[in-house]
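> return a 3D structure for these sequence lines:
(chains A and B)
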Amino acid sequence: MRSPTTALLWEVWRQHRWTIGSIAALTFAGRLIDASYTTGPAADEASAVTTLCGMFAFLLLFSVFNYTDAESGGGLGRFPHRLFTLPVSSLRLVAIPVFTGIVAIEFLYLVWAEPFSRGGSTSPLFVAILLAALMVFYLAVLWTCARAGSLRLVIIGVIAAALFAVGLLPSFPPTPAPPWRSEIFLAAFVAGLALVTFMLTWTYVAGVRAGGGSAHFRLESLIDWISEAQPARRRPFATPAGAHFWYEWRASGTVLPALVGGVVLLVIAPMSWLARTDAQYTLWVLIGVLATPIVLALPVGVAFSKPTFWSEDLGVPAFVAVRPLSSQDLVAIKVKVASASAALSWLLVLVFLAVWLPLGANLELVSRLATEFLRGHSTGAVYGLAVLVPVGGMLLTWRSLVSHLWSGLSGMRPLFLASVISLVALVTGAILDGGRLPNWLLRDPVRFAALLWLVAVAVIAKCSLAVYAWRGLSPRYLRAYLLIWLTGTATFVALGIVVWGVVRMYLPFDADRLRSAVVLLALLAVPLARVGLAQSSLTRNRHR
Amino acid sequence: MRDHAAGHSHSSPPVAVVTNLTRSFGGKKALNDVTLAVPPGCVFGLVGENGAGKSTLLKHLLGLWRAEAGTVKVFGRDPVADPVSVLGRIGYLSEQPELPRWMRVAELLRYMQPFYPRWDQEYAEQLREQFGLEPEARIRTLSKGQHARLGLIAAEAHRPDLLILDEPSSGLDPIVRRDILEAIIRTVTDEGRTVIFSSHLLDEVERVSDYLAMLHRGTLRFCAPLDDVKTRHRRLSFHFERVQTTPPKVPAAIRVDGAGWDWTIICDADRVHPTAVAQHLGATLVEDTAASLDEIFIAHADGAPTPAVNEPQAVN
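Now for the predicted structure:
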């Protein structure tokens, strides 16, 4: 190596060359698809695939610049202290990954700028500045908040969402935007903030290298203060299950409510305030708020289904494995924690709606739609629907948290990966073809009949598998979970029938035939066999 | 300690019984047909080099590993089939106790309490104060020694019938090691409970153990009361009239060391008569002493691949 800079850059390349290769492959594939299908019937699908390729490429780039050393050898660590012994200044140690990261992300954006900016009003330069700032904030959080552990991912997620919202600010009504919401002002503000963040990060790393200085301790104190803000458990626990519920809740249950709270507070609340006069935006913000817990529960559910939320290791930690609790108890506690997590997330959403809708929203369009939607329904039915919607949302959120427990708790990485890939494929399919699938099915009666049979067989298979999965398990848990399943399924069936009765009027095809499918799908919605299988999976993993 | 163990009724059923236990990882046998029994009210030392199978054996006792072949019974029950009743009577401390880093010290003790009906909060507090652990301190802020001490409180405060310590002293300073040894001694002398203790530190094992088992590449080399182990292993030093270019051949030798005129043999006293050996070799017996535990360990771990001195046996 000719210089320390080259050596440090080589290390990044050597460590992540396969990931960098994947980024290149994704970029090449995405741009090729985009160039091949710019017009014609397949253009929409091509656009969605291109977007997905781009998103994954950018996500992988951030994983390349996870410039930390973890004690366990993987995951998130702290700034590599081994570098402190090199004859290289702290400024250079910090600047090399930061500026390489900025150059890399700008280069990637340059390749993707054309499809990403197509049809949009945000200028590419503004986006480029936001991306550079995101890279600076990302590394700053990784290095300066090492004490926060994996909670840094949540912080980074919230920062990314906030920057996304900043990117949307100039296009928010009223137009033209006031000077403080102009792209130039916002770009200068974000760039300045990134510069200050870089300087603080450099000072921090230099402080750590020197054994800690005032800045070092101030930052540590801040993190300690946030950490200490969580209430300590003072009362004794009445039962082992109660104690372990608290453990699971603190270790993984609070993540979803924290994320939902963060997104609502930092992204949706400012957007709702900006859109308070616009009826159309109010409707979109309302949909966004209601979708937030359900969408966030998808990735959180994947992590939640593992024995340890923040760890890549799928083995049951010895601390939990040696507790005198049965595997059935451990799974039941996870299911309960998921319920509490979903309930708290929706409580936050409902509190926000209770404040925002009457006080700061333009309800003109929402009221008109609600009036049309609820026409012909009794007052009781309206109240029932008002309860069913959040309960249904809560159930969907909870479902995402528990539906992968059977694979996550098994300790079998291929099984878990297959389960996650199927989820990603499902979401991707819904994004690509979700809008047109019903129409395609209904165009041909034979096709639709086949679908009905398929779903009916799936319901039978689900019930049969459930009998197998729950055999030999405690009748106490079986009774309790069956009650949950029946309540959840009844909610989905009722919601499906009521909502479908209204939505079908607005659909461009004959929707009556879909009613049976809706009921059958509602029967599939709440996991039954999978929760039963989770217990045997955990037993196998716990006693390898 | 040993007096206490000796005074304990060995007619009581063993705390743990391992029969023909075999476990493989890939193509490698981590445990090969291991059979042993741990009597109640004793300190059972388990030694062996890295990768010998000590932790694997202890994990089988805890039910964290399922027996591939053979059986494992703790308190007469299968720890895999009935983990709740078995684990409720066991305290466990490993080399790196995986305590949740986000918890506070007091929270951990509060968390542990309901799992164990015999949890003694007063005792836990007493130990916490003795070890100088702040109740409000987060576990992530503790030093390695404090971490081990907290793990020890968590393992010991419910006064378990069986305390399993898997190399608890590794990498710790002498003061923490002393705390751990005192905890072992307290456990057995105060209430006649049982300790299984694996370690590399032979002086510690020698100090506290009543029974000693040695694993070598997954095979049990010996399992006997410590005094028997020490009595049975002899260290014989021979002086030859002429330089020996190859090690002298002694059938019952576990290890032969030396060069030139002087050679030392570690052997089983029951199978070797020193004078007869000297006569057979044409050498002079210079010294016949009891082998130290270090010498016994090295002889079995690094010695010639001769059969074990004693067939693996149950200690009842």
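
> please name the residues that touch the residue of the stretch 201-316 of chain B at minimum distance from chain A.
Closest approach of the stretch 201-316 of chain B to chain A (C-beta to the nearest C-beta) occurs at B:Gly218, with a separation of 16.8 Å. Every C-beta, even on glycine, is put in place using the N, C-alpha and C of the backbone. The contact partners of B:Gly218, by C-beta atoms under 8 Å, 6 or more residues apart in numbering or on different chains, come to B:23, B:28-32, B:34, B:52-53, B:56.

> give me the neighbour count for the closest residue to A:Arg181 other than its chain neighbours.
Distances taken as C-beta to C-beta, 6 or more residues apart in numbering or on different chains put A:Leu169 closest to A:Arg181, at 5.0 Å, once the chain neighbours are dropped. Per other C-beta atoms under 10 Å in any protein chain shown, the neighbour tally for A:Leu169 reads 18.

> what sits against the residue of the stretch 301-450 of chain A found nearest chain B?
In the stretch 301-450 of chain A, the residue that lies nearest chain B is A:Pro324 (3.8 Å; C-beta to the nearest C-beta). Residues in contact with A:Pro324 (C-beta under 8 Å, 6+ apart) are A:240, B:83-88, B:115-116.

> kindly report the same for A:Gly301.
Taking C-beta under 8 Å, 6+ apart, one finds A:400-404 in contact with A:Gly301.

> what helix or strand is it located in?
helix A:279-304 (DSSP states H and E).

> what packs against the helix or strand where B:Gln146 lies?
Assigned by DSSP H and E, B:Gln146 belongs to helix B:144-156. For helix B:144-156, the packing partners by 3 or more C-beta pairs under 8 Å, 6 or more residues apart in numbering or on different chains; DSSP states H and E come out as strand B:90-93, helix B:105-112, helix B:121-130, strand B:162-166, helix B:174-191.

> next, B:Leu220: secondary structure please.
strand (DSSP: H, G, I helix; E, B strand; the rest coil).

> what is the neighbour count of A:Ile421?
10.

> actually A:Arg17, not the one I typed
A:Arg17 has 11 neighbours, counted by other C-beta under 10 Å.

> likewise A:Met412?
Neighbourhood size, A:Met412 [other C-beta under 10 Å]: 16.

> pretty sure it sits against A:Leu314.
Yes. Using C-beta atoms under 8 Å, A:Met412 makes contact with A:Leu314 at a distance of 7.4 Å.

> what touches both of those two?
Residues touching both A:Met412 and A:Leu314 (C-beta under 8 Å, 6+ apart) are A:Asn541.

> which SS class is residue 33?
You didn't say which chain, so I picked chain A. helix.

> nope, chain B please
Once three-state DSSP is applied, B:Asp33 turns out strand.

> before we move on, what about B:Trp263?
Criterion first, three-state DSSP; result for B:Trp263: strand.

> tell me which element the nearest residue to it once chain neighbours are set aside is part of?
Closest residue to B:Trp263 apart from its sequence neighbours, by C-beta to C-beta, 6+ apart: B:Phe238 at 5.1 Å. Using DSSP H and E, B:Phe238 sits within strand B:233-244.

> for that strand, which strands pair with it and how are they oriented?
Looking at strand B:233-244 with DSSP bridges, its partner strands are strand B:253-268 (antiparallel), strand B:283-290 (antiparallel).

> residues in contact with A:Leu451?
A:441, A:517.

> what helix or strand does it sit in?
helix A:445-469.

> tell me which residues in that helix are buried?
A:448, A:451, A:455, A:462, A:466, A:469 (16 or more other C-beta atoms under 10 Å in any protein chain shown).

> how about A:Ala469: what's its closest non-neighbour residue?
A:Gly532 (3.0 Å).

> measure the residue nearest in space to the middle of chain A to chain B for me?
Nearest residue to the geometric centre of chain A (C-alpha atoms, centre = their mean): A:Leu296, 3.6 Å. Applying C-beta to the nearest C-beta, to the nearest Å, the value for A:Leu296 to chain B is 22 Å.

> could you point out the helix or strand that follows the helix or strand bottoming out on mean pLDDT in chain A?
Within chain A, no helix or strand scores below helix A:214-229, which has a mean of 59 by mean pLDDT, DSSP states H and E. Sequence order places helix A:240-248 as the next helix or strand after helix A:214-229, per DSSP H and E.

> quick one on the thing from earlier: and the angle for the helix holding A:Gly301 with helix A:240-248?
Between helix A:279-304 and helix A:240-248, the angle comes out at 120 degrees (axes from the mean of the first three to the mean of the last three C-alpha atoms, to 10 degrees).

> once you drop chain neighbours, what's closest to residue 247?
Assuming you mean chain A. Nearest one to A:Tyr247, counting by C-beta to C-beta, 6+ apart, is B:Tyr111 at 6.1 Å.

> wrong one, I was asking about chain B
Counting by C-beta to C-beta, 6+ apart, the residue nearest B:Pro247 is B:Val256, at 4.3 Å.

> surely that neighbour and B:Val250 touch.
Yes. Here B:Val256 reaches B:Val250: they are 6.8 Å apart, a contact under C-beta under 8 Å.

> what sits in contact with each of those two?
With C-beta under 8 Å, 6+ apart as the test, B:Val256 and B:Val250 both reach B:Ile265.

> ok, stretch A:399-413 near chain B or not?
No. Between stretch A:399-413 and chain B, judged by C-beta under 8 Å from any C-beta of the partner chain, nothing touches; the nearest distance is 11.8 Å.

> next, count neighbours for residue 198.
Since no chain was named, I'll use chain A. Neighbours of A:Phe198 (other C-beta under 10 Å): 20.

> sorry, should have said chain B
Neighbours around B:Ser198, by other C-beta under 10 Å: 25.

> with the one 5 residues further on instead?
Close neighbours of B:Asp203, defined as other C-beta under 10 Å, add up to 10.

> need the contact list for it.
Counting by C-beta under 8 Å, 6+ apart, B:Asp203 has contacts B:Leu293.

> that one sits in which helix or strand?
Going by DSSP H and E, B:Asp203 is in helix B:202-208.

> shaky segments in the chain?
Here I'm looking at chain A. Applying pLDDT under 70 to chain A flags the ranges A:1, A:38-45, A:71-76, A:148-150, A:173-174, A:212-229, A:431-439, A:442, A:502-513.

> I was thinking of chain B, sorry if that wasn't clear
Ranges of chain B meeting pLDDT under 70: B:1-11, B:190, B:303-316.

> bridge partners for the most centrally placed residue in it, pull those for me.
Per C-alpha atoms, centre = their mean, the C-alpha nearest to the average position across chain B is that of B:Leu46, at 1.8 Å. In this entry, B:Leu46 is beta-bridged to B:Ser198, B:Ala213, by DSSP bridges.

> could you measure from it over to B:Ile184?
The spacing between B:Leu46 and B:Ile184, counted by C-beta to C-beta, to the nearest Å, is 13 Å.

> alright, calling it a day.
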